[in-house]
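K.L.:
okay, here's the prediction I keep looking at, along with the sequence it came from:
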Amino acid sequence: PSLSEVLNLHDFEAIARQVMGEKAWAYYSSAADDEITIRENHAAYHRIWFRPRVLRNVTEVDFSTTLLGHKSSMPIYITATALGKLGHPDGELNLTRAAAKNGVIQMIPTLASCSFDELVDNAKPGQVQFLQLYVNKERSITEKFVRHAEERGIKGLFITVDAPQLGRREKDMRQKFEAEEPDEMDKNKSSVDRTQGAARAISSFIDPGLCWDDMKWFKNITKMPLILKGVQCWEDALEAYDHGLAGVVLSNHGGRQLDFARSGIEILVEVVDKLKERRGLSFPNEKFQLFVDGGVRRATDVVKAVALGATAVGIGRPFLYAFSAYGEDGVNKALQILRDEFEMNMRLIGAPTLKDITRDMVDASSIHQH
Ligand code: FNR
């Protein structure tokens, strides 16, 4: 189908499934075990309903914002997803270019198919990029990478904490991994196991020994804001705040790690309540920012997260499917769709700016009922 026939983010998935290779489809679409959490990620948004306001002059709507102090045209960002070249020869460059055109921020994955420097070199002057970090058992490798990232102007370090071991993604494990390898693997070649899918082949260097004490070490080696990606309960969000980190991503890794992990949007509700109760914080908060990812497919999902206190939400698979089917044009289209949906939803909910999207505009009283 031509791009003009694509009406929403779900369409990209259906089209990508038709046109993508088996291996890429298996790696991108798979999730852990019985894939209960990946389904829940999207379903959780269906338990939140709107309480719109009327007569609020919504002639002009503005949904631009800042993430960690950096401008974004929408309260979304392109989250880190590994192995972009499985889906398209230009890999993550599709995301770098579309991010620039649409004024949104890309989070570069440690395990990008393109090299880190290629993705930074191809950014437009002034384009803000974040980095997702998998911490290597060999800390000197991680230290070198982090220092290099800071020198290259990366504005936020998102340390993935929900993957001390990769989840079992059986769809992916049934495929043998022979695709192009990401840069980061060069240092870890000896331990690559090619018999069990892409995810397992590339992840053996990740350190399961990572712990809270390591946060001091990170603070010593970098001035970049540190954010934990993959926090799943208020206790750890509070811990992150008390460790002086810049924020957390409430996420279950797109359902790819622990099956029966709760959705990010559900976790957001308890985190906001408890951090208010325990530390007097209110959200959104400049000093400690809450991000959410997993299952976001509509601007209404984003509006719900913002109403509940998130600074922004991460979106993963829809962009992978978009570039797998249409290259960069697909990603531009996906972002355009989100922008159009946003504009409409802001008007219909009665909010001319993001500040006007308040907690009382959503009914999340059923969020914990599964
Ligand atoms: C991911 N994700 C991920 N996260 C991370 O911290 N490091 C990584 O290398 C990857 N790789 C990756 C590959 C693929 C194919 C997917 C689908 C996801 C998780 C990602 O950042 C994010 O948490 C989820 O993708 C969000 O869910 P949705 O938007 O895909 O539903």
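P.N.:
Looks like it arrived, so ask away. Numbering: from 1, shown residues only.
K.L.:
hey, let's count contacts and neighbours off CA atoms from now on
P.N.:
Fine.
K.L.:
where exactly do the helices run in the stretch 201-350 of the chain?
P.N.:
Listed in chain order, the helices of the stretch 201-350 of the chain (DSSP state H, counting those that start in this stretch) span residues 214-221, 234-242, 264-279, 299-307, 317-326, 328-349.
K.L.:
residues in contact with the fourth one?
P.N.:
For helix 299-307, the surrounding residues in contact (C-alpha atoms under 8 Å, 6 or more residues apart in numbering) are 45, 48, 75-76, 265, 268, 284, 292, 296, 312-313, 338-339, 341-342, 345, 354, 357-362.
K.L.:
wait, does the one helix or strand in the chain whose mean pLDDT sits lowest contact the ligand?
P.N.:
Within the chain, no helix or strand scores below helix 197-202, which has a mean of 70 by mean pLDDT, DSSP states H and E. No: using C-alpha under 6 Å from any ligand atom, helix 197-202 never reaches the ligand; the gap is at least 8.1 Å.
K.L.:
stretch 220-240 now?
P.N.:
No: if you take C-alpha under 6 Å from any ligand atom as the test, stretch 220-240 misses the ligand, and the best it gets is 6.5 Å.
K.L.:
who's in contact with residue 21?
P.N.:
Per C-alpha under 8 Å, 6+ apart, neighbours of residue 21: residue 87.
K.L.:
return only those of the contacts of helix 299-307 found close to the ligand.
P.N.:
Okay, of the contacts of helix 299-307 touching the ligand (C-alpha under 6 Å from any ligand atom), that's residue 296.
K.L.:
of the contacts of helix 299-307, buried ones?
P.N.:
Among those, the ones that count as buried by 16 or more other C-alpha atoms under 10 Å are 45, 48, 75-76, 265, 268, 284, 292, 296, 312-313, 338-339, 342, 345, 354, 357-359, 361-362.
K.L.:
about what we covered before: using CSV, lay out the helices of the stretch 201-350 of the chain together with distance to residue 19.
P.N.:
Shown next, in CSV, are the helices of the stretch 201-350 of the chain (distance: least, C-alpha to C-alpha, whole Å):
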stretch, distance to residue 19
helix 214-221, 42
helix 234-242, 40
helix 264-279, 30
helix 299-307, 26
helix 317-326, 7
helix 328-349, 13
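K.L.:
quick one: name the residues of the stretch 101-250 of the chain near the ligand.
P.N.:
Listed as neighbours of the ligand in the stretch 101-250 of the chain under the rule C-alpha under 6 Å from any ligand atom: 109, 111, 132, 160.
K.L.:
most distant residue from the centre of this structure?
P.N.:
Residue farthest from the centre of the chain, counting by C-alpha atoms, centre = their mean, is residue 55 at 34.6 Å.
K.L.:
verify the stated contact: that residue with residue 350.
P.N.:
Yes: using C-alpha atoms under 8 Å, residue 55 is in contact with residue 350, at 7.3 Å.
K.L.:
list the buried ones in stretch 268-284?
P.N.:
268-269, 271-275, 283-284.
K.L.:
now the two most distant members of the residues you listed.
P.N.:
The largest separation in the buried residues of stretch 268-284, counting by C-alpha to C-alpha, is between 274 and 284 at 14.1 Å.
K.L.:
in the chain, where is pLDDT below threshold?
P.N.:
Residues of the chain that meet the criterion pLDDT under 70 lie in 177-196, 200.
K.L.:
which parts of it are strands?
P.N.:
With strands called from DSSP state E, the chain shows them at 49-50, 65-67, 70-72, 76-78, 105-108, 129-133, 157-160, 226-231, 247-250, 289-293, 312-315, 362-363.
K.L.:
mind giving me the packing neighbours of the second one?
P.N.:
Here strand 65-67 is seen to pack against strand 70-72 when contacts are counted using 3 or more C-alpha pairs under 8 Å, 6 or more residues apart in numbering; DSSP states H and E.
K.L.:
tell me which residues of the strand it packs on come out buried.
P.N.:
Under 16+ other C-alpha under 10 Å, the buried positions of strand 70-72 are 71-72.
K.L.:
what of stretch 233-241?
P.N.:
233-234, 236-238, 240-241.
K.L.:
can you give the contact residues for that stretch?
P.N.:
With C-alpha under 8 Å, 6+ apart, stretch 233-241 has contacts from 228, 231, 247-248, 267, 270-271, 274-275, 288.
K.L.:
how far does stretch 52-69 sit from its chain's centre?
P.N.:
Distance, stretch centre to chain centre, for stretch 52-69: 23 Å (C-alpha atoms, centre = their mean, to the nearest Å).
K.L.:
show residues contacting it.
P.N.:
71-75, 156, 225, 246, 286, 289, 311-312, 342-343, 346-354, 361-362.
K.L.:
coming back round to it: show me what the least confident helix or strand of the chain is packed up against.
P.N.:
By 3+ C-alpha pairs under 8 Å, 6+ apart, helix 197-202 packs against helix 22-29, helix 170-173.
K.L.:
so how far is that helix from its chain's centroid?
P.N.:
On C-alpha atoms, centre = their mean, the centre of helix 197-202 falls 20 Å from that of its chain.
K.L.:
quick one: the residue in the stretch 51-200 of the chain that the ligand sits nearest to from residue 319, how far?
P.N.:
Using C-alpha to the nearest ligand atom, the point where the stretch 51-200 of the chain gets nearest to the ligand is residue 81, with a distance of 3.5 Å. Using C-alpha to C-alpha, to the nearest Å, residue 81 is found at 10 Å from residue 319.
K.L.:
same question for residue 166.
P.N.:
Taking C-alpha to C-alpha, one finds residue 166 at 22 Å from residue 319.
K.L.:
so those two - more neighbours on which side?
P.N.:
Neighbour totals were compared for residue 166 and residue 319, and residue 319 leads with 28 against 17 (other C-alpha atoms under 10 Å).
K.L.:
what's the nearest residue to that one if we skip its chain neighbours?
P.N.:
Leaving out its chain neighbours, the residue that sits closest to residue 319 by C-alpha to C-alpha, 6 or more residues apart in numbering is residue 331, at 5.6 Å.
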